[in-house]
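Asker: Need coordinates for the below:
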Amino acid sequence: MNHRRGDAFPTQFSNYQERWENTRPKVKIDQNRNASPLTPREINMNHHHKGDAFLCRPVLDLGLMCSPRSLLFMACVGNASPLPLIIITLALALALSIGILADTTHAQAQNVPQTPYLPGEIWIKPSPGTSLQETSLLLEITNVTMEPGIPQLGWVRMTVPVGQEKDHLTKMLAHPSIQNATLNHLAHLLEEPNDPDWLLQWNMRIIRADEAWDIITSTASSVIIAVVDTGIDIAHLDLQANIWTNPDEIPDNDLDDDGNGLIDDVHGWNFAHENNDVVDTHGHGTHVAGIAAAATDNSIGIAGVSWSGTIMPVRVLAGTYGDYAEIARGVIYAADNGAQIINLSLGSTEPSPLLYDALLYARGKGALIVAAAGNCGDSSALNDPDCDYTINPPFYPAAHTETLAVGATDGIDQWAYFSEYHDYVDLAAPGVGIYSTCLQDDYCFMQGTSMSTPHVSGVAALIWALRPELSSLEVQLIMESWADDVNSEEYPGKDPYLGWGRINAYQAVLNASRGTTITLASSHAILAVGPAQAIITATMTTEYGLAPDGTPVIFTTTLGHLSPLMSVLQDGTATTTLTAGSTSGDAEITVEAGGVRGTLNIHIEPGYLIPFPIIQKGAP
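Answerer: Residues are numbered from 1 along each chain as shown. As a prediction, the model looks like this:
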């Protein structure tokens with residue numbers, strides 16, 4: 001593991017404890033989770049009796065509030081006899097130095113819409129070449145209206161009587177002139193609020209962002225990160241310098257200067273209210289933006305992972321919820337306006353062909369889509385409508401293959417208990433007790449996979465600033481290849497909890513910058529058509545020697561069949577087998593790993609099987 005654990009947190013425990021004793025108030029939490037200062041008598045109490053408030057003593061300059069669910073992490077005094085002071089101190093020092101491990105709470109039922117989709121409409125995708133008028137005539141349905149919806153994707157919005165959405169959906173899916181149809185599902189935020197009283201950005205140190213900045217900083221402003229969310233506080237002192245400005249739009253002239261159908265979208269667009277007001281009134285998008293790209297080295301507030309990445313505000317959520325159509329339009333807007341990275345710290349348990357088409361569209365434009373894996377990974381999901389009352393349901397858009405799905409870790413590099421675990425999880429990043437920008441020039445703590453996702457977006461921006469010629473897949477492979485496999489003892493290699501591992505900004509940027517090469521070798525130069533086979537070996541090296549074990553490798557061929565198509569490096573190498581098909585010609589074998597590509601040609605002809613190897617080197 002490359003993480004230098006000792007660098008992540010303060011080690012002068014006694015100094016912090018002394019400062020705590022002299023300056024910080026003690027607190028108590030009652031059964032309704034309300035906090036109030038301890039009286040002098042309560043401060044001197046040595047025992048906790050059943051029915052009393054929970055008592056906590058934070059150390060390391062951390063302000064904490066206890067809840068029954070978080071006693072283990074906060075080392076609160078419980079019902080049993082008191083622990084020896086030394087044990088309590090050590091437990092606090094360990095648990096609290098990792099971040100604010102506060103209680104994760106889910107959305108309350110009274111704030112949840114009555115249906116998990118937008119009532120009174122469905123979305124349909126007519127067969128190619130069918131106009132809106134033709135579609136209306138073909139369907140021959142009364143009490144409905146249709147409007148263009150999202151022309152770039154060929155989807156049409158159909159308004160239907162409230163309560164009849166599923167009936168109309170069934171009819172549309174069965175209609176021969178309709179290619180696809182879907183309800184307009186609602187998505188929601190993935191943050192979990194936390195107590196805003198810890199000024200140390202442990203998350204930056206654990207991903208080694210500060211070391212990555214020694215390699216690349218200011219040129220990251222050339223990379224655009226679209227935060228598709230609740231909007232952004234664009235006047236925040238720690239964000240305003242990095243807010244995107246549309247170069248083709250003249251401010252405040254009430255004209256659509258760039259011809260995209262949106263008037264004065266100078267700093268993005270608000271699809272939730274169909275105007276150019278992208279200002280965040282919730283706080284979630286502002287917090288996400290600060291993690292990815294708060295202005296750094298400006299003597300204000302915090303540092304963002306990308307140092308100076310440009311933030312494009314795209315508002316698609318009105319408060320806590322928004323619908324898939326708005327999110328899809330936001331994704332398209334971001335891609336059309338040059339966003340290389342699209343951050344989606346939101347989602348729902350429902351899949352959507354409409355949203356999937358938008359993801360395909362953005363990937364086709366070269367964007368990397370980074371999505372939160374979801375917060376329904378523990379038993380509290382059984383009481384949470386946002387989780388469909390289910391533990392670990394598939395979460396979208398992260399579950400779609402077009403996204404890079406991000407799970408959450410805590411301050412000791414362990415899987416965060418709320419983070420969802422699925423085969424589609426690609427990477428993990430800190431998501432517990434994350435300190436970032438909040439509304440009105442303030443800062444606060446939040447937690448959730450929503451907070452993990454912008455860490456990865458920020459690292460992607462650093463890589464792209466260094467290597468602008470890379471594709472989105474190559475940037476993703478670099479981050480996956482050089483992640484820290486922090487749970488390798490239990491789950492070596494890719495696993496459902498952390499994917500390829502916790503993001504390591506320094507290793508990703510370092511290895512994107514240095515001479516990494518792949519050498520391809522084959523056991524045969526020429527193969528006969530039919531069942532003849534050749535063993536293909538890929539060897540990956542850096543300037544310091546063989547690339548690390550566990551680095552993912554992807555093989556492709558233009559002729560014949562390869563097995564396996566995906567592997568991982570072991571002792572710097574990975575192998576696959578090419579089986580010749582019935583077609584003769586040149587088979588171009590391509591391997592990609594860590595953002596580096598290598599190629600090798602093998603000729604397939606009738607009757608040939610020449611047993612000598614050929615070697616060809618690949619280049620970054």
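Asker: Break down the stretch 451-600 of the chain into its strands, ranges please.
Answerer: Using DSSP state E, counting those that start in this stretch, the strands of the stretch 451-600 of the chain run over 517-522, 526-528, 533-542, 545-546, 552-557, 561-563, 566-568, 573-579, 585-593, 596-605.
Asker: any idea which of these scores lowest on pLDDT?
Answerer: Of all the strands of the stretch 451-600 of the chain, the minimum mean pLDDT falls on strand 545-546 (a mean of 69).
Asker: Would you reformat the strands of the stretch 451-600 of the chain as CSV and include distance to E211 and mean neighbour count?
Answerer: In short, each C-beta sits where N, CA and C put it, glycine included. Shown next, in CSV, are the strands of the stretch 451-600 of the chain (distance: least, CB to CB, whole Å; neighbours: other CB atoms under 10 Å):
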stretch, distance to E211, mean neighbour count
strand 517-522, 23, 20
strand 526-528, 46, 21
strand 533-542, 17, 20
strand 545-546, 20, 11
strand 552-557, 23, 20
strand 561-563, 37, 14
strand 566-568, 25, 16
strand 573-579, 28, 19
strand 585-593, 23, 20
strand 596-605, 21, 20
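Asker: Can you check which of the ones you listed gets nearest to L360?
Answerer: Closest of the strands of the stretch 451-600 of the chain to L360 is strand 552-557, at 19.3 Å (criterion: CB to CB).
Asker: thinking again about what came up before, make CSV from the strands of the stretch 451-600 of the chain and add distance to P385 to it.
Answerer: Converted to CSV, the strands of the stretch 451-600 of the chain look like this (distance: least, CB to CB, whole Å):
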stretch, distance to P385
strand 517-522, 48
strand 526-528, 57
strand 533-542, 46
strand 545-546, 50
strand 552-557, 36
strand 561-563, 44
strand 566-568, 37
strand 573-579, 44
strand 585-593, 41
strand 596-605, 45
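Asker: out of the ones you listed, nearest to V459?
Answerer: Closest among the strands of the stretch 451-600 of the chain, using CB to CB: strand 552-557, at 16.5 Å.
Asker: Test my guess that S567 contacts T573.
Answerer: No: counting by CB atoms under 8 Å, S567 sits too far from T573 to count as a contact (9.5 Å).
Asker: just to revisit the earlier point, quick one: closest of the strands of the stretch 451-600 of the chain to L359.
Answerer: Minimum separation from L359 across the strands of the stretch 451-600 of the chain (CB to CB) falls at strand 552-557, 19.7 Å.
Asker: and the closest one, what does it pack onto?
Answerer: Packing partners of strand 552-557 (3 or more CB pairs under 8 Å, 6 or more residues apart in numbering; DSSP states H and E): helix 472-481, strand 533-542, strand 566-568, strand 573-579, strand 585-593.
Asker: and the closest residue to G268 other than its chain neighbours, what are its bridge partners?
Answerer: Spatial nearest neighbour of G268, excluding adjacent residues (CB to CB, 6 or more residues apart in numbering): P313 at 4.0 Å. Beta bridges link P313 to V227, judged by DSSP bridges.
Asker: tell me the contacts of P313?
Answerer: Contact partners of P313, counting by CB atoms under 8 Å, 6 or more residues apart in numbering, are V227, G231, I232, I234, I243, W244, H267, G268, V278, D280, G285, A289.
Asker: So which of those residues wins on neighbours?
Answerer: The residue in the contacts of P313 with the most neighbours, by other CB atoms under 10 Å, is V227 (37 neighbours).
Asker: separation between that one and A505?
Answerer: In this view, V227 and A505 are 19 Å apart by CB to CB, to the nearest Å.
Asker: before we move on, what about A534?
Answerer: For A534, the distance to A505 equals 39 Å [CB to CB].
Asker: ditto for V591
Answerer: Distance from V591 to A505, by CB to CB: 25 Å.
Asker: what do you get for G330?
Answerer: Using CB to CB, one obtains 27 Å as the distance from G330 to A505.
Asker: and if you look at S450?
Answerer: S450 sits at a distance of 19 Å from A505 (criterion: CB to CB).
Asker: now swap in T230 and tell me
Answerer: T230 is 26 Å from A505, by CB to CB.
Asker: Show me the strands in the stretch 51-200 of the chain, by range?
Answerer: Taking DSSP E, counting those that start in this stretch, the strands of the stretch 51-200 of the chain run over residues 54-56, 117-126, 145-150, 155-159, 178-189, 192-194.
Asker: what pLDDT, on average, does the last one get?
Answerer: Looking back up the chat, that one is strand 192-194. For strand 192-194, the per-residue pLDDT averages 33.
Asker: In terms of secondary structure, what does the helix or strand just after it contact?
Answerer: Using DSSP states H and E, the helix or strand that follows strand 192-194 in sequence is helix 202-206. Helix 202-206 sits against strand 425-430, with contacts defined as 3+ CB pairs under 8 Å, 6+ apart.
Asker: list the helices and strands the strand it packs on packs on?
Answerer: Strand 425-430 is packed against helix 202-206, strand 404-409, helix 449-466, helix 472-481, with contacts defined by 3+ CB pairs under 8 Å, 6+ apart.
Asker: so how far is the longest one from its chain's centroid?
Answerer: Distance of helix 449-466 from its chain centroid, counting by CA atoms, centre = their mean, to the nearest Å, is 8 Å.
Asker: Let me know the angle separating it from strand 178-189.
Answerer: 110 degrees (axes from the mean of the first three to the mean of the last three CA atoms, to 10 degrees).
Asker: For E147, give me its contacts.
Answerer: Counting by CB under 8 Å, 6+ apart, E147 has contacts L132, V156, R157, T159.
Asker: Could you find the closest non-adjacent residue to the first one?
Answerer: Read it as L132. Nearest residue to L132, sequence neighbours excluded (CB to CB, 6+ apart): M146, at 5.9 Å.
Asker: Ok, the second one next?
Answerer: Counting by CB to CB, 6+ apart, V156 lies nearest to G149, which is 4.7 Å off, once chain neighbours are set aside.
Asker: Looks like H287 contacts Q447 (just checking).
Answerer: No: assessed by CB under 8 Å, H287 is found out of contact with Q447, at 10.3 Å.
Asker: And these two? Which one has more around it.
Answerer: The neighbour comparison of H287 against Q447 (other CB under 10 Å) goes to H287, with 32 against 28.
Asker: helix or strand for the closest residue to the more buried one other than its chain neighbours, which one?
Answerer: Of all residues not flanking H287 in the chain, S436 sits nearest, at 4.6 Å (CB to CB, 6+ apart). Secondary structure from DSSP H and E places S436 in strand 434-438.
Asker: Can you check what angle separates that strand from helix 449-466?
Answerer: Using the same axes, to 10 degrees: strand 434-438 against helix 449-466 is 80 degrees.
Asker: Quick one: mean pLDDT for the helix or strand following strand 434-438?
Answerer: Counting by DSSP H and E, the next helix or strand C-terminal to strand 434-438 is strand 442-447. In this model, strand 442-447 has a mean pLDDT of 93.
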